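J.: have a look; sequence and predicted model below, questions after that.
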Amino acid sequence: MILTAAGKQDGAALDRPRVKTLAGLLQELRRIAPVWEDLVRYRVIETTVKGGTIVFEQHATRSPAVREMAGFLNAVWQDGGVTAVEEVYVTSHLVAEGPKVFRPSAAECEALENVDPRVSVSEYAQPFPTMAVELPGAYRARQAVPMLDTRTGREDQAFPVAVILRHEPGLPALFTSVLWSGGLSVVRALHHFGGLATIADILHAGEPPPGGSMPVSEREQWLTDRIACVAVNAMLLLTQYGHQRLGRDSESYAARLERHLKLAQKRRGDTTRPARELRLLPVVYGFAQTVTLCDRQGALPAGDGTGVGSWTVAPHWRRGHFRMQPVGPGRTERRLTFIRPVLVHREKLRGTEARTSATYLSDPEDARAGRQEERRRQAAADSALEIAAAQKRLEDHP
């Protein structure tokens, strides 16, 4: 769920607005920005490790502003389930620290889907403790699924908008919050308490939401984990290849806010509002160098006439991965290494690269599972294309 200002003193129903962009979410969050900021400033929600799991503790009495929203927090704790608490934790840090955003292209998202982050949470790193990955329109339209509208109670088409990632130094967990346009936000705490060795293992396991959370279909959970994988890989690439600030969405508005802030400081006036508005403007980051996210392999040489190697294969992805490579004297050091995915026979592909999903698997049982997964993904891609076509027809003939 997306938690906003509709949480009342009596713990009434929490608002879950429909948003189609990250800017739309930030506009909703701006309405009670002081509360989000106080949640972080006074450490109202603290995360600790107890009994082999992540535990959240509430300290609402630490902040006057938060005490006024006691019903809001009580509703979160009592009715929203564990994931709602995790969402408040992630969202509050996004607002308090200022939104830092990475915007990959649709082609980059397709490539990052086919990379396995084979690193542990302790080896994982991202440029800032809290970052957001905003998905491009061309990519998210292909991920549309039927989803219950949290306001009307009717089923409608929804698509993923963005992913918020929170990686607190010293805490052995990575939090991912995938925001959907229908008002749902699926949050996961990625950690190794379940015995899984890497982030890729955790995402592939497809752990269902904990008890008390809103119901999520198998399809929604599968898409959510895949999109979270895109965001995790993006953070690893920004860490490995370096990141640079590209600017704000509205540099002219930011410059005007900076002038107002300096004037208020000079006159010793109230600087809270212009400082907050300036901080809430998204700052966009990108790669500090040119990064090739995937390789392409064309037709292979003909066979030797015996029938061995003389066949051709359909266009597909050969998956890449991140790993910690032993390096240095005695190979005692470890360095993050990116093995790029390979798109095989791109020249034979009709349509988008999202329609290729097969991988090379050596074990026969794994191969059968891979073919089943390929058919499932192909059907999902076809369904998304049909939905997009239907939406286009409705727009052309309302």
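T.: That came through, no problem. In this text, all values refer to a predicted model and were calculated from it rather than measured experimentally.
J.: torsion angles phi and psi at the nearest residue to Leu343 once chain neighbours are set aside?
T.: Leaving out its chain neighbours, the residue that sits closest to Leu343 by C-beta to C-beta, 6 or more residues apart in numbering is Arg296, at 5.0 Å. Where C-beta positions appear, they are placed from N, C-alpha and C, glycine not excepted. Dihedral pair for Arg296: phi -130, psi 130, per degrees, to the nearest 10.
J.: sheet partners, orientation included, of the helix or strand hosting Phe175?
T.: Following DSSP states H and E, one finds Phe175 within strand 174-180. Strand pairing for strand 174-180, determined by DSSP bridges: strand 160-166 (antiparallel), strand 185-190 (antiparallel).
J.: continuing past the last one, what's the next helix or strand?
T.: Toward the C-terminal end, the helix or strand that comes next after strand 185-190 (DSSP H and E) is helix 199-205.
J.: about what we covered before: between the strands paired with strand 174-180, which gets the lowest average pLDDT?
T.: Comparing mean pLDDT across those, the lowest value falls on strand 185-190: a mean of 88.
J.: contacts for that strand next, please.
T.: With C-beta atoms under 8 Å, 6 or more residues apart in numbering as the test, strand 185-190 has contacts from 1-2, 54, 83, 86-87, 90, 121, 173-180, 199, 202-203, 207, 209, 216, 220-221, 224-225, 228.
J.: next: stretch 270-282.
T.: Under C-beta under 8 Å, 6+ apart, the answer for stretch 270-282 is 22-23, 26, 29-30, 33-34, 37, 95, 98-101, 132, 248-250, 253-254, 257-258, 260-261, 264-265.
J.: just the buried members of these?
T.: Buried members of those, counted by 16 or more other C-beta atoms under 10 Å: 22, 26, 29, 33-34, 37, 95, 98-101, 132, 248, 254, 257, 260-261, 264.
J.: tell me the phi and psi of Leu22?
T.: phi -70, psi -30.
J.: how close does it sit to Leu135?
T.: To Leu135, Leu22 is 9 Å away according to C-beta to C-beta, to the nearest Å.
J.: shared neighbours of these two, anything?
T.: Residues touching both Leu22 and Leu135 (C-beta under 8 Å, 6+ apart) are 161-162.
J.: mark which of the buried ones among the contacts of stretch 270-282 are part of helices, please.
T.: In this view, the buried ones among the contacts of stretch 270-282 that belong to helices under DSSP state H are 22, 26, 29, 33-34, 37, 95, 254, 257, 260-261, 264.
J.: redo the strands paired with strand 174-180 as CSV? Include mean neighbour count and distance to Val342.
T.: Converted to CSV, those look like this (neighbours: other C-beta atoms under 10 Å; distance: least, C-beta to C-beta, whole Å):
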stretch, mean neighbour count, distance to Val342
strand 160-166, 25, 25
strand 185-190, 25, 27
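J.: got the contact list for Phe102?
T.: Residues in contact with Phe102 (C-beta under 8 Å, 6+ apart) are 131-134, 234-235, 238, 243, 284-286.
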